[in-house]
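Trainee: Quick one, structure for this:
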Amino acid sequence: MNSWLSFANKHLALVFTIIMVGVMVIICFGIFFHAEHWENVQGDNTFYVQTDMSNGEYKSDIQIKDEKKYFVLSGFCYKLNERVKKFDISVVLKENGTDNYILIPTHLVIRNDLSRKENMTDKHGNFAMYDASGFETRIRKNRLLHNNKYKVYILYKSNNENTLIDTGESIPYE
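Mentor: As a prediction, the model looks like this:
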């Protein structure tokens, strides 16, 4: 009887290990393909488009790297002197010649350099924090249309405000 219990415990441990490895693989797979959760949006007037960045209300920057199978977009975006309770940053691609937009979620990237660079306090003496304003996402090239150009925007959502910021950048996909 004792040997049967030891045999059952070994098998139970093996089954538990296999299940845990399977769960970890599923989680890693979901994280790896995060950029696949795109949302196609028809052009409408749900966003305020901020194209004149010279007014100084928003600060943003974006870099686009062309890798073998992906475009990697990274940068930052924030509104000056705003205390943010809840916010989200997405990348939006607009297909050339259409009113079709592709909404792509991003990952948060901590940027410790941003708050130090601004080093500003608001009228109440509160230090504005911009460290959580960084973002990054990957775009699979096989999801884009060949021989098309995509205009790149940043969708900045905070405090019940949606602002679509024109980066002046585009992705030409040959």
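Trainee: show me what contacts residue 112?
Mentor: Contacts for residue 112 were tallied using CB atoms under 8 Å, 6 or more residues apart in numbering; they are residue 131. All C-beta spots, glycine's among them, are computed from the backbone N, C-alpha and C.
Trainee: As a check, name the ranges of all helices in this structure.
Mentor: For the chain, the helices defined by DSSP state H cover 2-32, 112-118.
Trainee: hey, least reliable of those by pLDDT?
Mentor: Note on those: helix 112-118 shows the lowest mean pLDDT, a mean of 70.
Trainee: Not counting sequence-adjacent ones, nearest residue to the most centrally placed residue in the chain?
Mentor: With distances taken as CA atoms, centre = their mean, residue 106 lies nearest the centre of the chain, 0.7 Å away. The shortest distance from residue 106 to any non-neighbouring residue, by CB to CB, 6 or more residues apart in numbering, is to residue 135 (3.8 Å).
Trainee: Mind listing the residues bridging to the one you found?
Mentor: residue 75, residue 108 (DSSP bridges).
Trainee: And residue 139, by the same measure?
Mentor: residue 71.
Trainee: from what I can see it touches residue 69, true?
Mentor: No: with contact defined as CB atoms under 8 Å, residue 139 and residue 69 do not form a contacting pair (9.9 Å).
Trainee: This completes my enquiry, with thanks.
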